[in-house]
Structures are given as C-alpha cells and as structure tokens.
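# Kindly generate the corresponding structure for this input.
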Amino acid sequence: MSELKRPGGELASRPLHFFWIVDCSGSMYGEKIGTVNHAIQSTIPEMVSAAENNPNAQLMIRTLKFSTGASWVTSNPVNVEDFAWDDLEAGGVTDLGKAFELLSAQLTIPPMSDRALPPVLVLLSDGQPTDDYKKALAELKKLPWGKKAVKIAISIGQDADDEVLEEFTGNKELVLQANNAAALTKMIRWASTAASLVSAPASIAADGERISADGTANPVIVDMGGRIPDLDDIQEGDVW
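Presented below is the predicted three-dimensional model:
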C-alpha cells in the first residue's frame, strides 16, 4: 500500500531501505552460507506481511555481499513484495571495508530520499576483516543516514570478530551471537523484524523510553518486551 488515507487528502508512505550485508568469504562455505540462504528466503513472507500492516512505510530490500571485494546482489532497491532471494556462494577473503564503501555510496541524498525512514543495516559475518575497514566505517558513520541507520550485526561462529561488529553497531547488545544453524536461523528471523518496528510510528527502547522513527533519536530495535531473544535453548550441541 503506497498511500495512507487521512481527512483532507492522502499521506504518501515513506521509503524504508533494508539492507542484508552478507559475508561470503571462504570460511562461510557449507552449512553457514546454506543456513543464511534458507533463513533469509524463509523470512520474506513475514516481511511482506509486516509491511502490509505498516502502510506508512514502503519497505525496500537490497542485498550486498562481500568476500574478495564486494558487490550488490540486487543492483537497485526492490519492493518487499517483489523481492526474491538469490542464493549466495562462499569463497575468498573478507573485504568488509569494500562493503562499507558501497553502502556509503547508497546512503547519500540522492539516491536516498530526504523523507525516508531510518534505514536498517543487517550485517552477517563469521570472521575478521582482511582489508582496512576502519576508514570506510568512519566515512559511513559520518553520513546523515549512516548516523540514523539502525545497525544490527549477527556474529556467526566462535571465530567472528565481535569487536569489529560492535564498532559497526555502536551497541554490543545489537551484536547477536549465532554459534550453530538453529541460532543463526533464529537471529536472522529476529533481525528481519527490524523493518516493521522502524516503520511503526514509534519504537520502544530497551529502557522503556519511546523513540521517534523520524530519525531525530537514535533508533534501537528491540524484540517484544524489549529483549534480545534468549538462545540458551538452542546453543547446546555442535557449535561453529
């Protein structure tokens, strides 16, 4: 739905850009990248449903992958209703800085609209950057939309560099741990709800304060009740 009716006229929906940023380095080969492909594919119907329930936002999805270099899987933003997941393959090194450079180029005005809702950036990684990511991350965070963006990171396996991921999110509570396939699937499903929360008129922070979705406050994505999902029940057994 692109317009929300109101007395005296129509209120156009505001664009909300959601980015999947996926590590496709060689260490992701096998079960890890397979789980990512399956889990994100399975979230699409739920994201479509959430978008239908939030007519004040027009949810647009893009996928960015990085390994040896970085590239857009979806070259332009796609309406969530039309979004299709293309399975990713793993191989190469971890050029996270290249991914941040490509992301920064898309978080300027234009191509971003000045009336957009805060974008949602979901980064998935299982290792350590092999390039100089710090400069590119600093440039990303200087951008107005880089500052306002909701940033979530999913740390895959025990070798992931959580300090780097925390640098990205700016909040260690938004670095989600996934040490096996069940946990990774749960974290991806949780992260996919971020768009529906941002597109609501307001979100509720973990401390109980209400925060605006217009970017005037730093958005904090929280689960129902203000809690990150409890993974104690699925972290037992084989771990990566």
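# Now do residue 186: how many residues are near it, please.
18 (other Cβ atoms under 10 Å). Where you see a C-beta, it was placed from the backbone N, CA and C, and this is true even at glycine.
# cool, and residue 101?
Neighbours of residue 101 using other Cβ under 10 Å come to 18.
# Equivalent analysis for residue 173, please.
Residue 173: 13 neighbours (other Cβ under 10 Å).
# from now on call the first residue 259
Sounds good: first residue 259 from here, last item residue 431.
# Look at it and give its secondary structure.
State at residue 431, reduced to three classes by DSSP: H, G, I helix; E, B strand; the rest coil: helix.
# ok, it to residue 393 distance?
Distance of residue 431 to residue 393, given as Cβ to Cβ, to the nearest Å: 26 Å.
# which parts of stretch 396-408 are buried?
Buried residues in stretch 396-408, counting neighbours by 16 or more other Cβ atoms under 10 Å, are found at 398, 399, 401, 403, 404, 406, 407, 408.
# Once you drop chain neighbours, what's closest to residue 366?
residue 401 (6.4 Å; Cβ to Cβ, 6 or more residues apart in numbering).
# Just to check, the one you found is in contact with residue 364?
No. Between residue 401 and residue 364 no contact is recorded; they are 9.9 Å apart, counting by Cβ atoms under 8 Å.
# What ranges does this protein have for its strands?
For the chain, the strands defined by DSSP state E cover 261-264, 267-270, 272-281, 315-325, 327-330, 336-337, 378-383, 408-414, 433-436, 460-462, 468-470.
# any weak-confidence spans in this structure?
For the chain, the stretches flagged by pLDDT under 70 are 259-270, 454, 456-496.
# What distance do you get for the most centrally placed residue in the chain to residue 309?
What sits nearest the mean C-alpha location of the chain, by Cα atoms, centre = their mean, is residue 380, with 2.0 Å. According to Cβ to Cβ, residue 380 stands 16 Å off from residue 309.
# what does residue 425 give?
Distance from residue 425 to residue 309, by Cβ to Cβ: 30 Å.
# Neighbour count: these two, which is higher?
Ranked by neighbour count (other Cβ under 10 Å), residue 425 and residue 309 place residue 309 first, with 24 against 16.
# Ignoring the adjacent residues along the chain, who's closest to the more buried one?
residue 317 (4.2 Å).
# Going by neighbour count, which residues of the longest helix belonging to the chain are buried?
Criterion DSSP state H: the longest helix present in the chain is helix 289-310. For helix 289-310, the neighbour count (16+ other Cβ under 10 Å) marks 290-291, 293-295, 297-298, 301-302, 305-306, 308-309 as buried.
# so what's the residue nearest to residue 309 up against?
Applying Cβ atoms under 8 Å, 6 or more residues apart in numbering, one finds that residue 317 lies in contact with 274, 276, 305, 308, 309, 337, 338, 453, 457.
# partner residues bridging it?
residue 274 (DSSP bridges).
# Over to residue 381?
residue 279, residue 411.
# Does it touch residue 321 like I think?
No. Residue 381 is beyond contact range of residue 321, at 11.9 Å (criterion: Cβ under 8 Å).
# Looking at the two, which is more packed in?
residue 381 (26 against 19).
# show me the contacts for the closest residue in space to residue 436 that isn't next to it in sequence.
Spatially, and ignoring its direct neighbours in sequence, residue 436 is nearest to residue 442 (3.9 Å; Cβ to Cβ, 6+ apart). Each residue near residue 442 by Cβ under 8 Å, 6+ apart is listed here: 290, 293, 294, 297, 412, 414, 436.
# closest to residue 449 among these?
residue 412 (6.5 Å; Cβ to Cβ).
# That closest one: how many residues sit nearby?
That count, for residue 412 with other Cβ under 10 Å as the rule, works out to 25.
# cool, and the one 3 residues further on?
Taking other Cβ under 10 Å as the neighbour definition, residue 415 ends up with a count of 18.
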